[in-house]
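S.K.: Return atomic coordinates for the entry below.
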Amino acid sequence: MTPELTALAVAILVHMALIGLFAYRANREIGTKYTTSPRDDAPQRPLSIVTGRLQRAVSNSFESLIMFAPAALMVGLTHQSNGWTAFLAWIFVLARIAYIPAYATGLAPGRSGIWGLGFLATLLLVIAALV
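M.R.: Below you'll find the predicted structure:
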């Protein structure tokens, strides 16, 4: 497996861990009766600030993976992997790991800088696949 595809697998595991962390906190705060229901007519109790931030971090993680996954696949499946593309893929993963506590603690504007680093790594990975 190429380093980019390994980074993609780790990014997916980080995303899954984030979902688990959010779900754990949400279940403790609003109860499993609500979280396991279809939520058709029951109003949701408000989440704590940190759990709400984790919920938004989950959404952001989906958005980031939607861009990173094809980029990593393009490089890995077309045999264009090299030191630069591996570096970019792992920068993305490290940025996503750093993003979680930055968002949960309300680190501003640092959180946006961390997000931007991961976005830039993805963009450069796509460009590397094209050239």
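S.K.: next one: the lowest-mean-pLDDT helix or strand in the chain to chain centre, how far?
M.R.: When the helices and strands of the chain are compared on mean pLDDT, DSSP states H and E, helix 32-35 comes out lowest with a mean of 75. Here the centre of helix 32-35 is set off from its chain's centre by 25 Å, with CA atoms, centre = their mean, to the nearest Å.
S.K.: for it, packing partners?
M.R.: In terms of contacts (3 or more CB pairs under 8 Å, 6 or more residues apart in numbering; DSSP states H and E), helix 32-35 is packed against helix 3-30. C-beta coordinates here come from the backbone N, C-alpha and C atoms, glycine included.
S.K.: Only the buried residues of the helix it packs on, if you could.
M.R.: 3-8, 10-11, 14-15, 18-19, 21-23, 25-26, 29-30 (16 or more other CB atoms under 10 Å).
S.K.: which residues of this structure score low on pLDDT?
M.R.: 39, 41-44 (pLDDT under 70).
S.K.: redo that, cut-off 90
M.R.: Along the chain, segments meeting pLDDT under 90 span 30-47, 131.
S.K.: hey, where'd the helices end up in it?
M.R.: Counting by DSSP state H, the chain has helices at residues 3-30, 32-35, 49-77, 83-104, 110-130.
S.K.: which of those helices sits most buried?
M.R.: Highest mean neighbour count among those (mean count of other CB atoms under 10 Å): helix 83-104, with a mean of 20.
S.K.: now it and helix 3-30, what's the angle there?
M.R.: 10 degrees (axes from the mean of the first three to the mean of the last three CA atoms, to 10 degrees).
S.K.: mind starting the numbering at 267 from now?
M.R.: Okay, using 267 as the starting number, the last item reads as helix 349-370.
S.K.: Perfect, I'm done here.
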